[in-house]
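Colleague: take a look and give me a structure for this.
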Amino acid sequence: MHALDVLGDPVRRRVLELLADGERSAGEVADVVRAERGISQPAVSQHLKVLRENGFTTVRTEGRRRLYAVRPERLREAGDWLAGFRHVWGPRLDALGTEIARGRRERRGAGEHHHDEHHHDEHEEDAG
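Modeller: This is a model prediction of the structure:
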């Protein structure tokens, strides 16, 4: 299965987000995902299985617990694939950044101009 097919599922993305902070037991993951998404424990287990079988997580047994952790290699593969499209979205993000900066400068300029007008009006009243 292609990395992006695996990551296309919002439950699997949430599981990876939970595991990004460190190793967690299957029960902990299931509790969070069940509370947030309202899906059953067996459904969460199936998502963990898909992630494990496709190389996104590792699992180790500690007593009766199964502890899952992220395998960054597969995420890097997805990131590398997406990076091939940077030429499509990169310039658009750069242009957006330029427009945001321009808007900030214009707002600052308008604020200073407004302040100067207010200051000028006070002097006219004092002179009158």
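Colleague: so how many other residues sit close to K49?
Modeller: 13 (other C-beta atoms under 10 Å). Where C-beta positions appear, they are placed from N, C-alpha and C, glycine not excepted.
Colleague: which SSE is it in?
Modeller: Using DSSP states H and E, K49 maps to helix 41-53.
Colleague: contacts only, for R12.
Modeller: By C-beta atoms under 8 Å, 6 or more residues apart in numbering, the contact list for R12 reads 6, 47, 50-51, 56.
Colleague: next helix or strand past the helix holding K49?
Modeller: Using DSSP H and E, the first helix or strand after helix 41-53 is strand 57-62.
Colleague: any regions of this protein where pLDDT drops low?
Modeller: 89, 112-128 (pLDDT under 70).
Colleague: and the helices in it, which stretches?
Modeller: Taking DSSP state H as the criterion, the chain carries its helices at 3-7, 10-20, 26-37, 41-53, 72-83, 86-127.
Colleague: so can I have JSON lines of the ones you listed showing distance to R65?
Modeller: Conversion of those to JSON lines gives the following (distance: least, C-beta to C-beta, whole Å):
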{"stretch": "helix 3-7", "distance to R65": "24"}
{"stretch": "helix 10-20", "distance to R65": "14"}
{"stretch": "helix 26-37", "distance to R65": "7"}
{"stretch": "helix 41-53", "distance to R65": "13"}
{"stretch": "helix 72-83", "distance to R65": "22"}
{"stretch": "helix 86-127", "distance to R65": "40"}
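Colleague: what distance do you get for V59 to R86?
Modeller: Distance from V59 to R86, counting by C-beta to C-beta, to the nearest Å: 33 Å.
Colleague: understood, closing this out.
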